[in-house]
Each structure stands twice: as structure tokens, then as C-alpha cells.
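A.B. asks: Can you look at this prediction? I've put the sequence above it.
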Amino acid sequence: MDEQKNIQKSLLQSPRGTRDFYPELMVRQQWLFDLWRTVSLRHGFEEYDGPIFEHLDLYQIKSGDEIVSQLFSFADRGGRNLALRPELTPTLARMVAAKASSLPRPIKWFSIPRLCRAERPQRGRLREFFQWNIDIMGSGDVLADAECIFVALDFLRQIGLGPELVELRVNSRPIVAALLTDAGIGADRHEQFYAILDKFDKLPSEQFDAFAREQKVSQQELMSLKNMLNVPNLAALSDLATSEDSQRELAKLQELHRDLASFGVGDYFVYKPSVVRGLAYYTGIVFEIFDRSAKMRAIAGGGRYDNLISMFGGPAMPACGFGMGDVVLMDLLEDLGKIPSLTPHHPPEFFVIDAEAELFSLALKITGQLRKQNFVADYSPKRQAVGKQLKYADSRRALIVLILGSETRDQNLVTVKNLKTGKQLQIDLERFLENPDQVRNDTADES
RNA sequence: GUGAGAGUAGCUCAACUGGUUAGAGCACUAGGUUGUGGUCCUAGGGGUUGCGGGUUCGAGUCCCGUCUCCCACCCCA
């Protein structure tokens, strides 16, 4: 008995790391999705989506076996190993690889997938979340990187996150590799050093040194590492990155900066040597978007991944893109008060009240006609006094109230009242239904 | 997976050092009335204090376990 009760009680809460989208939360979510979608479309991206689960193998190609412990996997009745998608990029790579030869290029696609990861939840990270994905495939130009980044920045600008609140941190994998090589660090150790670089901004100075020593970084290597980590901007980087390769890559970063400035979002740009991104598959420019004040995790991250499509069996195809999760973003917007107040239901434009219960069927008839004319129309579900029905209409934030009473029965007149202005008048029912919008103007003035 | 903190009504919180039947505001529901809303008044529903065990004459309060939340680490696609 008790056990059953406990089971029932635990069934009452959503599984760890998931959210219930009650109407109030759902409208916020929808508000965000609408913005993501609108911005994507006006930048020329097309929407796509794939299945919510994929073959488990798909995620091992790119990320290896470790990843399996961090995703939800299961076997179907035929013994096939499947997994809830923890990211969309493998699906995208698969879809593009399959149709690569027939798609006009550049391919500019976006999606807002629901993703699942079997991690322990913490601030800014849940086990089920949404992520806006923007990708351009089939172009190796820096302009493609700039286009992707511009979409993200344009979105941030639109929701009120200007360059004073948020910054774009940019770096280049090839430059980092060149600088490491210059410092006498072999290519076999670069992967390890990316992880060390990534720690630079996250740890206090002494702890960073200690961490580096743990990683068997020599004193001399640590010096070179800090030398490159303290480069403040692209101009200073030019003095350090002297090899032919790194000069060529540096030119790309400079071009990116110029392009973004041309687009009018250059103020977001910051060169940040510690940005390398976790994944091994990035091949060029990499970037992350952070809020300038608080210490939240990245709002968005991405970069160039020129080899990924071919890893999934497609042709060699350069590509770049980014992902922006809903969790960190909404946390930040909440903190900054940037989420507009939203109501789950549309406030009725017209609300029909019956002063006499016999007129209720007429109230339904009028409501029905208004709804069929595409107005948001409603009525009181209970037969109550006019005062109660008005109270209900008001709690629903109705704009115009129609009151049906004896004058309706005797003279076919309805009383129309604007709840915002309090102005009230009587009008012939048929005339009202011919042009319901007219009464909005007629009752608009204070009186 | 590792470590820290927290769990009292749907929400925000009370309940002196262990001591009668665990309270309040907000929210919700109903009423305050024979045709006019926002304010106001009244009433009601809603809790075996996350769960289980222990100590005690007595546990929301102390101890142990467990679950959940939350924060950090690992990782970050």
C-alpha cells in the first residue's frame, strides 16, 4: 500500500532533468521558437528535421565510445541498438551526405530539435532541451562563417542582447595548432593542449599552473602557452603568428571581422585565444557566445568542420555552423528581464454575456458567428448574474463585451461595452455582425 | 560517475531551546444578486511536514538511510 503510494507520488514529478511545459511556460518556449524561426528564414535558411532517435552507431562515428555513457540508448525488439538524439549534427551530415549531389549549394539549413543527454542536471544544463542549429554546407569561404555568426548575433540583437551585454569569442584551430607547433609541441599532443587552453579562463592563475603541471607541461611550454593566451587582439596575434600557414589563417580571422563589421555587428567581436571547443572535428574558425557580466556557460558555440560530411559517407564538403541551447539563453533572459509578459490564451476580442438565461442560445450563436469570422470570441460558461460574467470577462482580459438583455429580445439591440475605456453603446445586432470591428473604433474614446 | 547544500499547501514562507488538532498571504472554488467589471468582504477545498527507519512519554524539529531538487566537478556534441 505505502509502496504504491510512493510510486504514485514519484509519478507526479517529471523525470530528472526534464520540464513540464504548462501553458505559461509553453508560450515562452513558443515565443523563442518563433524568433529563432523568423530570424533563420530572413537570413535565407531553410528548416529541416530528422527522427528523434537514430542508430547508436551514428554517434560513435564522430565522438567515440565515451559518448555512449552520456546518451539514452535502447534496443528495439529486433535487437537494433538505438539512441535518443543527443545532437543533430550527425543526422544533418547523414541527410546531406545522402542527397549531396542533388542539393544546390551553398546549403543553408536550420532546425530546432529536441535533444536528450543522460547527464546530471545543473545550472544551464538539463537532460532534455532544445537547440537552435544553423549550418551552411558546401562553402569553404570565410563569408559562410560570417553568415552563420551573423544570424546568431542578429537574433541576439533582436531580443535585446546587444554587444554591451554579450560577446562573440573567436579563435582559429589552425592558428592554435601552428602556434603550438612553433612552441615545440608535437601534433600528437595538440588534443591534450586544447583541453588545457580551454581551462585558462575557467581557473584562477595558480590553479591553472597546477593543472598544466599535472598534465606534464614543462615550464618552458607553460611560458609559450601563456604567451599565446595573453594575446589581446588580432593585431597582436599578427606579431606572434609568423609562419606562412598561420598568416594565411590569420587573414581569415581578419576577413571574418571585416565581414561582421560590414553586416553591422562588429562590436560583438572579441579575439579569445582560449576558445578551442571540445570536439575534435573542428577544422577552422571556432567561436562561442558568452554574456559579458555573469558567469554562465556559453550561450552558443560552433565553428568550421570541413571533414565531417565525408566521415558520414558523403563527398568532401566544407561546412560550418553553430548550436544555441534554450536553457542557458532563457536563464540569461530571465535574469536580465528580457522576456516579455505573455499570456497562454489570446484575450477575447469579443465576449458575449447573457443577462437572461433564455438568451444563452443566442449568445452561443453570436459567439459562433464571430469565431467563424476569425475573431477571438468567447462567452461565460456559467449562467450567472451580469456582474459575475463581467468579472469573468475581465479576468480573461476581454476587450469588447456584448450584453444580451430585454432590449435584444424586444428590439434586436445589443449593448456593447469596451472594457478598456468603459465606453458603452447600443447597436442593432445585424449591423454589428456585418462589421464587428466598427464597434472597436466607436468605443475607443474615453467618455 | 564524484562532492556540497536544500526539501513544510499549487507558489512564497511561519511554527521559541523537541511539547495540544502544523498556520498566513497569494492563487483556486463558491457566495456577498433579480442588468454592469478591476478594489473590497465571507466561506470552502487543498498537508499523514519528500519517503522509510531510529532515539524519546512525545519528532516538522535530533540521528541514519533513501529519493528528488539545486550547485560545482567530470564532460560539454
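C.D. replies: Thanks, I have it. Residues are numbered from 1 along each chain as shown, chains lettered A, B, ... in the order given.
A.B. asks: okay, CA-based contacts and neighbour counts for the rest of this
C.D. replies: OK.
A.B. asks: quick one, helices of the stretch 251-400 of chain A?
C.D. replies: A:308-311, A:326-336, A:360-372, A:386-395 (DSSP state H, counting those that start in this stretch).
A.B. asks: got the buried residues for the second one?
C.D. replies: By that I understand helix A:326-336. For helix A:326-336, the neighbour count (16 or more other CA atoms under 10 Å) marks A:326-330, A:332-333 as buried.
A.B. asks: ok, now how distant is residue A:329 from residue A:57?
C.D. replies: From residue A:329 across to residue A:57, the span is 31 Å (CA to CA, to the nearest Å).
A.B. asks: Actually, residue A:157.
C.D. replies: For residue A:157 relative to residue A:57 (CA to CA), the value is 39 Å.
A.B. asks: cool, and residue A:81?
C.D. replies: Taking CA to CA, one finds residue A:81 at 8 Å from residue A:57.
A.B. asks: Sticking with the residue of chain A found nearest RNA strand B, tell me its helix or strand.
C.D. replies: Nearest residue of chain A to RNA strand B (CA to the nearest atom of the strand) works out as residue A:16 at 2.8 Å. If you go by DSSP states H and E, residue A:16 is not part of any helix or strand.
A.B. asks: That one against residue A:127, yeah?
C.D. replies: Yes - if you go by CA atoms under 8 Å, residue A:16 and residue A:127 touch, sitting 7.4 Å apart.
A.B. asks: shared neighbours of those two, anything?
C.D. replies: Counting by CA atoms under 8 Å, 6 or more residues apart in numbering, the shared contacts of residue A:16 and residue A:127 are residue A:121.
A.B. asks: Those two - which one has more neighbours?
C.D. replies: residue A:127 (21 against 13; other CA atoms under 10 Å).
A.B. asks: Specify the local secondary structure of the spatially closest residue to residue A:39 that is not a sequence neighbour.
C.D. replies: Spatial nearest neighbour of residue A:39, excluding adjacent residues (CA to CA, 6 or more residues apart in numbering): residue A:155 at 6.2 Å. Following DSSP: H, G, I helix; E, B strand; the rest coil, we place residue A:155 in the helix state.
A.B. asks: Residue A:155: neighbouring residues, count only.
C.D. replies: Neighbour tally, residue A:155, other CA under 10 Å: 19.
A.B. asks: rewinding a little: mind listing what the residue of chain A closest to RNA strand B touches?
C.D. replies: Residue A:16 neighbours (CA under 8 Å, 6+ apart): A:121, A:127.
A.B. asks: likewise residue A:363?
C.D. replies: A:352-354, A:379, A:404.
A.B. asks: overlap between these and the residues near RNA strand B?
C.D. replies: Filtering the contacts of residue A:363 for neighbours of RNA strand B using CA under 7 Å from any atom of the strand leaves residue A:404.
A.B. asks: what's the domain layout of chain A?
C.D. replies: Domain assignment of chain A by automatic domain parsing yields the ranges A:23-336, A:350-442.
A.B. asks: Columns distance to residue A:342 and mean pLDDT on top of those domains, output as JSON lines?
C.D. replies: Listed next are these as JSON lines, based on distance: least, CA to CA, whole Å; pLDDT from 0 to 100:
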{"stretch": "domain A:23-336", "distance to residue A:342": "7", "mean pLDDT": "92"}
{"stretch": "domain A:350-442", "distance to residue A:342": "13", "mean pLDDT": "92"}
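A.B. asks: Run me through the strand neighbours of the one helix or strand residue A:115 maps to, direction for each.
C.D. replies: Residue A:115 belongs to strand A:114-116 when assigned by DSSP H and E. Sheet pairing for strand A:114-116, assigned by DSSP bridges, gives strand A:128-137 (antiparallel).
A.B. asks: The strand it pairs with near RNA strand B anywhere?
C.D. replies: No - using CA under 7 Å from any atom of the strand, strand A:128-137 stays clear of RNA strand B, coming no nearer than 9.7 Å.
A.B. asks: got the contact list for that strand?
C.D. replies: A:17-19, A:36, A:40, A:45, A:88, A:105-117, A:144, A:148, A:317-327.
A.B. asks: For that strand, list the C-alpha coordinates in PDB.
C.D. replies: What follows is strand A:128-137, C-alpha atoms only, in PDB (Å, rounded to 0.1, in the frame of the first residue of the first chain):
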ATOM      1  CA  GLU A 128      16.100  17.300 -22.300                       C
ATOM      2  CA  PHE A 129      16.400  20.600 -24.100                       C
ATOM      3  CA  PHE A 130      16.000  22.400 -27.400                       C
ATOM      4  CA  GLN A 131      18.800  23.700 -29.500                       C
ATOM      5  CA  TRP A 132      18.700  26.000 -32.500                       C
ATOM      6  CA  ASN A 133      21.000  24.700 -35.200                       C
ATOM      7  CA  ILE A 134      22.300  26.800 -38.000                       C
ATOM      8  CA  ASP A 135      24.600  25.300 -40.700                       C
ATOM      9  CA  ILE A 136      26.000  26.200 -44.100                       C
ATOM     10  CA  MET A 137      27.400  23.300 -46.200                       C
END
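A.B. asks: Tell me what angle it forms with helix A:326-336.
C.D. replies: 110 degrees (axes from the mean of the first three to the mean of the last three CA atoms, to 10 degrees).
A.B. asks: Neighbours of residue A:438, how many?
C.D. replies: 12.
A.B. asks: Count the residues that sit near the nearest residue to it once chain neighbours are set aside.
C.D. replies: With CA to CA, 6+ apart as the criterion, residue A:438 has its nearest non-adjacent residue at 7.8 Å, and that residue is residue A:432. When neighbours are defined as other CA under 10 Å, residue A:432 has 16 of them.
A.B. asks: Residue A:432 and residue A:403: what is the separation?
C.D. replies: Relative to residue A:403, and taking CA to CA, residue A:432 is found at 13 Å.
A.B. asks: next one: residue A:167
C.D. replies: 55 Å.
A.B. asks: between these two, which one's more packed in?
C.D. replies: residue A:403 (24 against 20).
A.B. asks: Quick check: the more buried one is in a helix.
C.D. replies: No - using three-state DSSP, the assignment for residue A:403 is strand, not a helix.
A.B. asks: Quick check on residue A:109: phi, psi?
C.D. replies: phi -130, psi 150 (degrees, to the nearest 10).
A.B. asks: Tell me which of the helices of the stretch 251-400 of chain A sits nearest to residue A:298.
C.D. replies: helix A:326-336 (7.5 Å; CA to CA).
A.B. asks: re earlier: name the element the residue nearest to residue A:438 belongs to?
C.D. replies: Going by DSSP H and E, residue A:432 is in helix A:429-434.
A.B. asks: which outside residues touch that helix?
C.D. replies: Helix A:429-434 has contacts (CA under 8 Å, 6+ apart) with A:370, A:408, A:412-414, A:438-439.
A.B. asks: restrict those to those near RNA strand B?
C.D. replies: Okay, of these, nothing touches RNA strand B (CA under 7 Å from any atom of the strand).
A.B. asks: now, the most widely separated pair of these?
C.D. replies: It's A:408 and A:438 that sit farthest apart of these, by CA to CA, at 19.1 Å.
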